[in-house]
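In: Fold the following.
(2 chains)
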There are 2 protein chains.
Amino acid sequence: MIGSDNDAINARHRERTRQHKVAVDKRIAAATQDKGLLLVITGNGKGKSSSAFGMVARTLGYGHKAAVFQFIKGKEEVGERAFFARDPNMRWERCGEGFTWETQDRDRDIAAARAGWEKAKEALADPSIHLVVLDELTYLVTYRYLSLEEIMPAIAARPPMQHVVITGRAAHDDFIAAADTVSAIRDVKHAFRAGIRAQQGIDL
Amino acid sequence: MIGSDNDAINARHRERTRQHKVAVDKRIAAATQDKGLLLVITGNGKGKSSSAFGMVARTLGYGHKAAVFQFIKGKEEVGERAFFARDPNMRWERCGEGFTWETQDRDRDIAAARAGWEKAKEALADPSIHLVVLDELTYLVTYRYLSLEEIMPAIAARPPMQHVVITGRAAHDDFIAAADTVSAIRDVKHAFRAGIRAQQGIDL
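Out: Just a heads-up that it's a prediction; the model follows:
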């Protein structure tokens, strides 16, 4: 009895999954284009930069070049940088000295943002770079340290197969509109609010 | 005139950011505990596994050990595995052969899930492993290949400083309840729906 019950379950499973595979395969067959993607990872939840760095790992895994520009991060976050620095295909630029409330110096923040953006623009014009991560770029627009008129044309004019990931909270609508893929990370729960400080390997 | 305007803006900026820093520093000072975190990265949007792999990079960057158990992924996703395999502190186990509609064989899927879970349990009992990623574990609960009664005690009994990341859509409420940090990734836009297939370095 139990054996035949299981056989019946398995038969139903086979038929249901077969049908599902037909539908999935059809969708996959419809997706035939290759394109350098613009991805925006926004929202207040944990995982925006982590997600971009996961794509950096994938890119380097294929032997492609990747470039990361960190526009805000202060000096504490070292785990990922230490790791990726081992790869000769990796370029890692820290363009900021921390959040505005850390530096408390608007002119210095703007100068750092502009200098960082000049470097990022070079990467956005270099077809040998497969992936460019503009980490926490959204804040520069929010703070008006850089204008969209400066940013969007450089992204639009990049090499056709180059992928770009923009991370940061509150991504401007123009980033969303221009993007191929947008993920919004909702902060459902965060250990920090329970009194747990940033943990090595997880947050920094 | 312009110079003094800018001085006024900068003065307001300094005062505003100083006040903000006081508030942020207070919150940071209140977060004093260290703890092995349980993180759940769920939702339908892109970036769940990528985010976990970003934390793997951070962990390895500190010279800590990390273990990844991929419960679903098929054979195509190779970028991240190729990259992380270079690090002697990395353990990478593929425990599934693809989504249910690929294998269409429920008994084989269950056997693969159980064999994978036995290996993951070893990692969850090993205090030398700093981070354990249970990639796409949520589906095993959804499909009833593994029960929460098997999973939750092993996670709860892990070494106190070990971090665990669970990824996958539709995380069961018990995962959410047990977690320290939960991010839900909303799929705002996805290139796949515009006819663009999975791209190296981004999706695989």
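In: which stretches of chain A form strands?
Out: A:38-42, A:65-70, A:90-94, A:129-135, A:163-167, A:181-189 (DSSP state E).
In: Render the CA-only coordinates of stretch A:170-190 in PDB, please.
Out: What follows is stretch A:170-190, C-alpha atoms only, in PDB (Å, rounded to 0.1, in the frame of the first residue of the first chain):
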ATOM      1  CA  ALA A 170      16.600  55.000  -2.400                       C
ATOM      2  CA  ALA A 171      17.800  54.600  -6.000                       C
ATOM      3  CA  HIS A 172      16.600  57.600  -8.100                       C
ATOM      4  CA  ASP A 173      13.800  56.800 -10.500                       C
ATOM      5  CA  ASP A 174      16.100  57.500 -13.400                       C
ATOM      6  CA  PHE A 175      18.300  54.600 -12.300                       C
ATOM      7  CA  ILE A 176      15.200  52.300 -12.100                       C
ATOM      8  CA  ALA A 177      14.000  53.400 -15.500                       C
ATOM      9  CA  ALA A 178      17.400  52.800 -17.200                       C
ATOM     10  CA  ALA A 179      18.000  49.400 -15.500                       C
ATOM     11  CA  ASP A 180      17.400  46.000 -17.000                       C
ATOM     12  CA  THR A 181      17.100  44.300 -13.600                       C
ATOM     13  CA  VAL A 182      16.100  46.000 -10.300                       C
ATOM     14  CA  SER A 183      15.900  44.300  -6.900                       C
ATOM     15  CA  ALA A 184      14.500  46.100  -3.900                       C
ATOM     16  CA  ILE A 185      15.700  44.600  -0.600                       C
ATOM     17  CA  ARG A 186      13.300  45.000   2.200                       C
ATOM     18  CA  ASP A 187      14.600  45.100   5.800                       C
ATOM     19  CA  VAL A 188      12.300  42.600   7.500                       C
ATOM     20  CA  LYS A 189      14.600  42.100  10.500                       C
ATOM     21  CA  HIS A 190      18.100  43.200  11.400                       C
END
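In: Excluding chain neighbours, what is closest to A:Asp187?
Out: Leaving aside its sequence neighbours, A:Asp187 sits nearest to A:Gly45 (Cβ to Cβ, 6 or more residues apart in numbering or on different chains; 3.9 Å). (Each C-beta comes from the backbone N, C-alpha and C, glycine too.)
In: Low-confidence stretches in chain A?
Out: A:1-3, A:74-77 (pLDDT under 70).
In: list the contacts for the residue positioned nearest the centre of chain A?
Out: Central residue of chain A (Cα atoms, centre = their mean): A:Ala52, 3.1 Å from the mean position. Applying Cβ atoms under 8 Å, 6 or more residues apart in numbering or on different chains, we find A:Ala52 in contact with A:41, A:68, A:133, A:135, A:165, A:167, B:50, B:54.
In: Mind splitting chain A into its structural domains?
Out: A:1-32, A:33-194 (automatic domain parsing).
In: looking at those domains, which is buried most?
Out: Of all those, domain A:33-194 has the most neighbours on average by mean count of other Cβ atoms under 10 Å in any protein chain shown, namely a mean of 20.
In: and that one, how far apart are its ends?
Out: With Cα to Cα, to the nearest Å as the measure, the first residue of domain A:33-194 is 45 Å from its last.
In: just stretch A:96-107 next, same as before
Out: 12 Å.
In: Would you mind pulling the contact partners of that stretch?
Out: A:70-75, A:108-109, A:112-113, A:116, A:136, A:139, A:143, B:6, B:9-10, B:13-14, B:17-18, B:20-21, B:24.
In: Reformat the contacts of A:Ala52 as a markdown table; add distance to B:Cys95.
Out: A markdown table is the format used below for those (distance: Cβ to Cβ, whole Å):
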| residue | distance to B:Cys95 |
| --- | --- |
| A:Ile41 | 27 |
| A:Val68 | 31 |
| A:Val133 | 30 |
| A:Asp135 | 32 |
| A:Val165 | 28 |
| A:Thr167 | 30 |
| B:Ser50 | 19 |
| B:Gly54 | 21 |
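In: Of those residues, which is the nearest to B:Asp203?
Out: B:Ser50 (9.0 Å; Cβ to Cβ).
In: If you drop the residues flanking it in sequence, what lies closest to that closest one?
Out: Counting by Cβ to Cβ, 6+ apart, the residue nearest B:Ser50 is A:Gly54, at 3.2 Å.
In: The one you found contacts B:Ala57, doesn't it?
Out: Yes: between A:Gly54 and B:Ala57 there is a contact at 7.4 Å, judged by Cβ atoms under 8 Å.
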